[in-house]
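Participant: this one's structure only:
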DNA sequence: TTTTATTTTCAAAATATTTTGAAAATTCAA
DNA sequence: TTGAATTTTCAAAATATTTTGAAAATAAAA
């Protein structure tokens, strides 16, 4: 397989992968393209390589910047803006974990805390089932939260190394 | 807050949570409803409680069964089918991890293995950037894969306990 | 300032996904 | 068997999301 085909496959597959994770296909594809591009690209480069419209590129790059996965670069003497993606996958992963934790897990845990104390007879079957389930999810979520915080702070080698050593 | 309000909030919030993870809202809501219901429910119960159509309930329950998150129950003497959800959140989490690994991570790793050896001069900047990125993702993915396998096999207390102890 | 290049916005169009509901299929009891 | 209850299917409708492209805004050069 040559480079062009391989790139194409990777971009398309990363896009499909993204859709299973609540990320739109184009955003994931732009991310993939920037990850395998040795040099920064302009909006026009992305438009051309993925054959998508200017507005689409612009909006999705903005989102990627919000996610902290893409950086805007100014090249002295050049009028256009350039964009690069973080290429160290550990950094990409921790950045995604950080953002999703903030956007999804933290609010969920906050809600669960509120739902834990409801009015009524604790002996009642329906109330017991509800509070037990909520408490279980909250406990699990809090532990996951702690672990993810550690991951975010940790260094790749240390974190993965520790896990492998422990679980081998 | 009373039980009815709390249930409502949980169902709606679990549904919203699901949509960030590539799961459709209704499927996540049915799952939530079954998790907090002390007794098994019929399709009609679900239709009524979530005010959605019969076809919708049927299709989504089928998906939940495919995911291994809901079980069909036959109650002797009853004509209708009943459904229950696993309520132990650790089991829910490992089941989801197991399925997503199979459906998403495993195929991705397989593709990356193919993309690792491409034709051309390894010194070429574009080729180097591509192979390095792919290799990085593959290595990270493989380690995650191993860890998730361990999680699937492990017991909740042991797994989370070990992690907490190690990283505390 | 005026002109030109570039980026951003956003309403409308295109596409994709979800939901409905009635018909078909299935299951079970009589 | 037959018939009633229940489940399943799936085309069409409703909704939601994504994409386009041209106009407006912004930034840099002349």
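Facilitator: Cool, got the structure. Everything numeric in this text was worked out from a predicted model, so none of it was measured.

Participant: hey, let's count contacts and neighbours off CA atoms from now on
Facilitator: Noted.

Participant: where does residue A:125 sit relative to DNA strand D, distance-wise?
Facilitator: Going from residue A:125 to DNA strand D by Cα to the nearest atom of the strand, to the nearest Å gives 24 Å.

Participant: wait, residue A:155
Facilitator: 32 Å.

Participant: What count of nearby residues applies to that residue?
Facilitator: Residue A:155 is flanked by 14 other residues according to other Cα atoms under 10 Å in any protein chain shown.

Participant: Please apply the same query to residue A:78.
Facilitator: Residue A:78 has 8 neighbours, counted by other Cα under 10 Å.

Participant: what does residue A:23 give?
Facilitator: So residue A:23, with other Cα under 10 Å, has 16 neighbours.

Participant: try residue A:110
Facilitator: 11.

Participant: Next: residue A:54.
Facilitator: Residues near residue A:54, counting by other Cα under 10 Å, number 13.

Participant: show me what contacts it?
Facilitator: A:43, A:44, A:47 (Cα atoms under 8 Å, 6 or more residues apart in numbering or on different chains).

Participant: Not counting its neighbours along the chain, what's nearest the second one?
Facilitator: Looking back up the chat, that one is residue A:44. Residue nearest to residue A:44 in three dimensions, not counting chain neighbours: residue A:54, with 7.4 Å by Cα to Cα, 6 or more residues apart in numbering or on different chains.

Participant: Now do the one you found against residue A:26, distance only.
Facilitator: From residue A:54 across to residue A:26, the span is 12 Å (Cα to Cα, to the nearest Å).

Participant: Next to DNA strand D in this structure, residues from chain A, please.
Facilitator: A:23-27, A:51-56, A:77-79 (Cα under 7 Å from any atom of the strand).

Participant: Quick one: buried ones out of these?
Facilitator: A:23, A:25, A:26, A:27 (16 or more other Cα atoms under 10 Å in any protein chain shown).

Participant: Same list (those residues) but as TSV, adding secondary structure and pLDDT.
Facilitator: Below are those laid out as TSV (DSSP: H, G, I helix; E, B strand; the rest coil; pLDDT from 0 to 100):
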residue	secondary structure	pLDDT
A:23	coil	90
A:25	helix	97
A:26	helix	98
A:27	helix	98
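
Participant: so which of these would you say is closest to residue B:19?
Facilitator: Nearest to residue B:19 among these, counting by Cα to Cα, is residue A:23 at 10.3 Å.

Participant: Quick check: phi and psi at that closest one.
Facilitator: Dihedral pair for residue A:23: phi -110, psi 140, per degrees, to the nearest 10.

Participant: got the residue ranges for the helices in chain A?
Facilitator: Here chain A has its helices, by DSSP state H, at A:3-19, A:25-36, A:43-50, A:54-66, A:89-100, A:106-116, A:125-153, A:156-167.

Participant: how about residue A:93, what does it touch?
Facilitator: Under the criterion of Cα under 8 Å, 6+ apart, residue A:93 has no neighbours.

Participant: Would you mind measuring from it to DNA strand C?
Facilitator: 24 Å.

Participant: My guess is residue A:87 contacts residue B:133. True?
Facilitator: Yes. Between residue A:87 and residue B:133 there is a contact at 6.5 Å, judged by Cα atoms under 8 Å.

Participant: who's more crowded, those two?
Facilitator: The residue with more neighbours, out of residue A:87 and residue B:133, is residue A:87; 23 against 20, by other Cα under 10 Å.

Participant: from the buried ones among the residues of chain A next to DNA strand D, which two are the most distant?
Facilitator: In those, two members sit farther apart than any others by Cα to Cα. They are A:23 and A:26, at 8.5 Å.

Participant: tell me the contacts of the spatially most central residue of chain A?
Facilitator: Residue closest to the average C-alpha location in chain A (Cα atoms, centre = their mean): residue A:96, at 3.0 Å. If you count contacts by Cα under 8 Å, 6+ apart, residue A:96 has them with residue A:67.

Participant: how does it look with 10 Å?
Facilitator: Residue A:96 makes contact with A:67, A:68, A:69, A:90, A:102, A:152 under the criterion Cα atoms under 10 Å, 6 or more residues apart in numbering or on different chains.

Participant: mind giving me the domain split of chain A?
Facilitator: Domain ranges of chain A: A:3-85, A:89-167, per automatic domain parsing.

Participant: distance between the first one and the chain's centre?
Facilitator: Distance of domain A:3-85 from the chain centroid (Cα atoms, centre = their mean, to the nearest Å) equals 15 Å.

Participant: wait, does it make contact with DNA strand C?
Facilitator: Yes. For a cut-off given as Cα under 7 Å from any atom of the strand, domain A:3-85 has contacts with DNA strand C, namely A:42-44, A:54-56, A:58-59, A:62, A:79-82.

Participant: okay, and the common contacts of residue A:87 and residue B:133?
Facilitator: Common contact partners of residue A:87 and residue B:133 (Cα under 10 Å, 6+ apart): A:32, A:35, A:36, A:37.

Participant: In contact with the second one, which residues?
Facilitator: Just to be clear, that refers to residue A:35. Counted by Cα under 10 Å, 6+ apart, residue A:35 has contacts A:11, A:29, A:69-70, A:84-89, B:129-130, B:133-134.

Participant: Kindly report the same for the last one.
Facilitator: The contact partners of residue A:37, by Cα under 10 Å, 6+ apart, come to A:7, A:84, A:85, A:87, B:125, B:126, B:127, B:128, B:129, B:130, B:133.
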